[in-house]
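Student: dropping a prediction and its sequence here:
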Amino acid sequence: MKAGRKIGTADVMKEKLLETPDKRRTDGVSQWSIAWRRFKKNKAALAGLIIVGAIIFIALFSPIIARYPLNYLASFKEENKIRVPPSSKYWFGTDYIGRDVFSQIVYGAGNVLYVGFGAAAIAMILSITIGITSGYLGGLVDNILMRVTEIFLVIPFLLILLVFLRVAMTIAPSGVGGLTTVTLMIGLFSWAPNARIIRGEVLRVKQNEYIEAAVALGASKWRIMFRHVLPNVLHVIIVLTTLQIATAILVEAGVSFLGFGDPNSVTWGQQLQMASEAVKEAWWEGIFPGLFITLLVLGFNLLGNGLRDALDPRLRE
Amino acid sequence: MPIKTNVLQSILYKIKHMAKSSMAKYVLRRLLYLIPIFFGILIIVFVSTRMAGDPVKLMTGLNPRITAEARERLTQYYGLDQPLYYQFLKFVWEMLHGNLGNSYAIRGGTAVTTLVGDYAWETFKLQLTALFFSLLIAIPIGILSARKQYSKLDVTVTTTSLIGTCIPIFYMGIVAILIFSYSLGWFPYGAAHSLDPSRYPFGSYLLDELWHLFLPATVLTFAELAPVVLLVRSSMLEVLRQDYILAARASGLSERTVIYKHALRNALIPVVTYVGLYFGGMLAGAPITEKVFNWPGVGRLYVEAISKLDFPVITGITVFVTLMVLIANLVTDIAYAYIDPRIRIE
């Protein structure tokens, strides 16, 4: 794997001269296997990987894992009761209209991950493009992009998000793509801090000799930016993405909790919102979804921290 | 004409004179930076709220006795029939005169400045208490944890803090209310005051306030504690690796002097930034906290304003919060430059 390998000047020159990537030196281990070896040793990081993996598994096989169909008013239809406490029949009890809380959590997993991955993807595409262009080109482009970034940095994020979600609710045909709207909005408003970090990293990478060599060899700006700079800031990007997913999940939960989420998709934040109306009568309704949010966010954070320790070239032995 | 240029020149002269010291220059430059940012945010919010729907329709839609004509009059009264740019310029003009307009629906027709003033106090009371206590607790814990890196204490502290940063504040709040309000009955489960004065503990208004404040403030303190602990710890570790700490130790200073006189000052620089950013986040994040604890603050007011499409209140709170964030950023930058002289050189 070439991407992300810390290449010295000599390597670049050699590669450029030969122009055939397969004649590269292949002795030794790739950077990725070194990183994996270091990652494996980190127990916390492995725990994060397992948590995230388990929840992705739940999301993928939700119809099999869930005990009742989606939105099925289990306890209401079968016993004419709502808010039934946890039992062997309803592991996590039932909610305010008699749905099985466990099954709803299982169905929610996919939605929660969708928002997390989707919003992080949007935010990262924006922050990578802006961070690299701004950092590498510098000058006027940098100045303009950084002023825009500054606006997004100081913007009272949640307040603006709520207004935009309200707008989206008015404009978008009701229900259709509600979750996608939420995802898009979170993504569009959370790229700024990462763009700044990536820009800083690019500024550092830019001073290396191999970039100078690429310039001397007449590579175009775009080629340098995406073939030489990008692979060398990739380790930062991977870590930021993981942490961004965690943030997006928390934001979605918060927004849903305030009642600005998509009312037609089950998410853990939304379950918590409904539960918070009657914590006194039915503690199980909110405790379990909240536990899952915490667990998933913790999983991504542990994973991110583990990846940072494994990938950071400065920590290499 | 000549008079005008004279005035301009004298102002420029004064500015130049002030700007002679590098600090003043720095502050001035930051201040000028903030103006376009402020207006950028204002435009985004102003335009987007106008896209959120028609408040007049929302207010009168359920009342069949209101005629179309009356609706039109109401729209005219609010100035919503004017073109958007005109509405915006009028808003900016009024804002520069200290008037943020009157609310549409919330406490019908109250001046937004009064409204925000009333609610902001409750928000500040809660958030500043939490900030104060979280710093008070977090800084010593962070230092201790850094000094004994990889010890049992350090592992416990970092693990707990990491988990702490992953728990959503509203979940923490719900669990706290469940335990301490419903099960144990120690604290009220929401609101900032008892409605009925006869329920004041020992008949004291102040005690009642503290009684209501305790649970939300404690939860917020814990929520804020975790990131500060991790920040202080990592920054302290970074500083302790520096050469000047080695030099200080080599010259035979006591550990206490090394940590508290030499290391702490530099280790707290990121914390200053954090506190500055926190001020912004504290106001912006208020809706969630205030919803859990049913706290009558700006955040709850904002959510209510959005659901009622109360444009002046939405823009008013945004202006207020954005100004607070920008001022906090400015103060942070200045404090930063004051603590760390390297910043000013660039």
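Tutor: Looks like it arrived, so ask away. All values derive from a computational prediction rather than experimental measurement.

Student: and the helix or strand where residue A:129 lies, anywhere near chain B?
Tutor: If you go by DSSP states H and E, residue A:129 is part of helix A:101-137. No: Helix A:101-137 lies apart from chain B when judged by Cβ under 8 Å from any Cβ of the partner chain; the minimum separation is 12.2 Å. All C-beta atoms are positioned from the backbone trio N, CA, C, and that covers glycine.

Student: that helix packs against which elements?
Tutor: With contacts defined as 3 or more Cβ pairs under 8 Å, 6 or more residues apart in numbering or on different chains; DSSP states H and E, helix A:101-137 has these neighbours: helix A:43-60, helix A:62-65, helix A:139-154, helix A:178-189, helix A:192-206, helix A:230-257, helix A:268-276, helix A:284-311.

Student: let's see that with 6 Å instead.
Tutor: Applying 3 or more Cβ pairs under 6 Å, 6 or more residues apart in numbering or on different chains; DSSP states H and E, we find helix A:101-137 packed against helix A:43-60, helix A:62-65, helix A:139-154, helix A:178-189, helix A:192-206, helix A:230-257, helix A:284-311.

Student: okay if I get those as CSV plus mean neighbour count?
Tutor: Below are those laid out as CSV (neighbours: other Cβ atoms under 10 Å in any protein chain shown):
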stretch, mean neighbour count
helix A:43-60, 17
helix A:62-65, 13
helix A:139-154, 16
helix A:178-189, 21
helix A:192-206, 20
helix A:230-257, 24
helix A:284-311, 23
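
Student: to residue A:75, which of those lies closest?
Tutor: Proximity to residue A:75 (Cβ to Cβ) singles out helix A:284-311 among these, at 12.0 Å.

Student: residue B:130 and chain A: what is the separation?
Tutor: According to Cβ to the nearest Cβ, to the nearest Å, residue B:130 stands 17 Å off from chain A.

Student: and the stretch 101-250 of chain B, which of its residues are near chain A?
Tutor: B:166, B:167, B:168, B:170, B:171, B:174, B:178, B:182 (Cβ under 6 Å from any Cβ of the partner chain).

Student: hang on, isn't the fifth one packed against residue A:289?
Tutor: No: the pair residue B:171 and residue A:289 does not pass the contact test of Cβ atoms under 6 Å, sitting 8.6 Å apart.

Student: give me the neighbour count for the closest residue to residue B:242 other than its chain neighbours.
Tutor: Among residues not flanking residue B:242 along the chain, residue B:266 sits closest, at 7.8 Å (Cβ to Cβ, 6 or more residues apart in numbering or on different chains). Residue B:266 is flanked by 17 other residues according to other Cβ atoms under 10 Å in any protein chain shown.

Student: give me the contacts around the one helix or strand residue B:266 maps to.
Tutor: Element membership for residue B:266 (DSSP H and E) is helix B:264-267. Outside of helix B:264-267, the residues within contact range by Cβ atoms under 6 Å, 6 or more residues apart in numbering or on different chains are B:235, B:236, B:239.

Student: would you turn those residues into a markdown table with distance to residue A:305, secondary structure and neighbour count?
Tutor: Formatted as a markdown table, the contacts of helix B:264-267 follow (distance: Cβ to Cβ, whole Å; DSSP: H, G, I helix; E, B strand; the rest coil; neighbours: other Cβ atoms under 10 Å in any protein chain shown):
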| residue | distance to residue A:305 | secondary structure | neighbour count |
| --- | --- | --- | --- |
| B:235 | 17 | helix | 21 |
| B:236 | 18 | helix | 26 |
| B:239 | 21 | helix | 20 |
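
Student: nearest to chain A among these?
Tutor: residue B:235 (16.4 Å; Cβ to the nearest Cβ).

Student: surely that closest one meets residue B:271?
Tutor: No: between residue B:235 and residue B:271 there is no contact, the gap being 7.1 Å when judged by Cβ under 6 Å.

Student: returning to that earlier point: now the helix holding residue A:129 against helix A:139-154, angle please.
Tutor: Here helix A:101-137 points in a direction 150 degrees away from that of helix A:139-154 (axes from the mean of the first three to the mean of the last three Cα atoms, to 10 degrees).

Student: list the buried residues for helix A:101-137?
Tutor: Of the residues in helix A:101-137, A:101-124, A:126-136 count as buried by neighbour count, 16 or more other Cβ atoms under 10 Å in any protein chain shown.
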